[in-house]
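Engineer: my questions are about this predicted structure, shown below with the sequence.
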Amino acid sequence: MEWLTLAITLLLVMDPFGNIPVLIGLLEDVAPERRRKVILRECLIALGLLLLFLVAGPKVMDLLGLQQPALAVAGGVVLILIALRMLFPGKGGVMGEESVGGEPFIVPIATPLIAGPSAIATVILLHGTSERWFSTGLLAVGLAWGITAVVLLLSPELIRVLGKRLVIAAERLTGLLLTVIAVQMILGGIEMFIQGL
């Protein structure tokens, strides 16, 4: 998988524009002067999680007795559920209802909002796809994370400039693209399973 393709997939999975309304809601109880610091901290924690699974993902899978086809199908199923919630949002947004008092820490912003199950599965599935999987993964994670961090740090300004309707439209478009990617992940997992028989 080429690094740019992986970066685009990760960016769609992380869905920075779709996460803006959820993020604004989660940070309502946080003092305005602390919000950027909290967002930056959560983005850095998410980056750490993604890099951890880029390096140690296969070892964790081996330890749990999991195989790549199972991870591909599970990642695709979780991704399709997230994509469907983007297309047909319910009360509480994409991540469901969250009542977090005070300042959120790790959950739900760093994970599952930024580094969710599908992003982690996408990073783990990179192993064995090419000889340069680590450098490819590092570039892809870095680019997708960088764009996501910038969008989330600028979220108050973006929602003011673009308006809530445009942000919602971007989220729906992302949901449509993620549905296609999710189906492809599931089909890829089934194909790997059949080849392994």
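Structural biologist: Nice, I can see it. Numbers count the residues shown, from 1 in each chain.
Engineer: tell me where this structure has strands.
Structural biologist: Taking DSSP state E, the chain contains no strands at all.
Engineer: any regions of it where pLDDT drops low?
Structural biologist: 1, 90-102, 127-130 (pLDDT under 70).
Engineer: number of nearby residues for residue 4?
Structural biologist: When neighbours are defined as other Cβ atoms under 10 Å, residue 4 has 12 of them. (C-beta placed from N, C-alpha, C; glycine too.)
Engineer: next one: residue 69
Structural biologist: So residue 69, with other Cβ under 10 Å, has 17 neighbours.
Engineer: over to residue 134?
Structural biologist: Residue 134 has 13 nearby residues by other Cβ under 10 Å.
Engineer: give me every residue that touches it.
Structural biologist: Residue 134 makes contacts with 54, 55, as judged by Cβ atoms under 8 Å, 6 or more residues apart in numbering.
Engineer: roughly how far apart are it and residue 57?
Structural biologist: Per Cβ to Cβ, to the nearest Å, residue 134 is found 11 Å from residue 57.
Engineer: for the biggest helix by length in the chain, packing partners?
Structural biologist: When the chain is parsed with DSSP state H, its longest helix is helix 164-195. For helix 164-195, the packing partners by 3 or more Cβ pairs under 8 Å, 6 or more residues apart in numbering; DSSP states H and E come out as helix 3-14, helix 16-26, helix 68-87, helix 117-124.
Engineer: what do you get if the cut-off is 7 Å, keeping everything else the same?
Structural biologist: Secondary-structure packing of helix 164-195 (3 or more Cβ pairs under 7 Å, 6 or more residues apart in numbering; DSSP states H and E): helix 3-14, helix 16-26, helix 68-87.
Engineer: just the C-alpha atoms of the second one, please, in PDB.
Structural biologist: The one in question is helix 16-26. The C-alpha trace of helix 16-26 is given here as PDB (Å, rounded to 0.1, in the frame of the first residue of the first chain):
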ATOM      1  CA  PRO A  16     -11.200  15.600  11.500                       C
ATOM      2  CA  PHE A  17     -14.000  17.700  10.000                       C
ATOM      3  CA  GLY A  18     -16.700  15.400  11.200                       C
ATOM      4  CA  ASN A  19     -15.200  15.400  14.700                       C
ATOM      5  CA  ILE A  20     -15.400  19.200  15.000                       C
ATOM      6  CA  PRO A  21     -19.000  19.400  16.400                       C
ATOM      7  CA  VAL A  22     -18.300  16.500  18.800                       C
ATOM      8  CA  LEU A  23     -15.000  18.100  20.000                       C
ATOM      9  CA  ILE A  24     -16.700  21.400  20.600                       C
ATOM     10  CA  GLY A  25     -19.400  19.700  22.600                       C
ATOM     11  CA  LEU A  26     -16.800  17.700  24.700                       C
END
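Engineer: buried sites along it?
Structural biologist: 16, 17, 18, 19, 20, 21, 22, 23, 26 (16 or more other Cβ atoms under 10 Å).
Engineer: repeat for the last one
Structural biologist: Neighbour-count burial for helix 68-87, counted by 16+ other Cβ under 10 Å, picks out 68-69, 71-80, 82-83, 85-86.
Engineer: which residue of the chain sits farthest from its center?
Structural biologist: residue 197 (31.2 Å; Cα atoms, centre = their mean).
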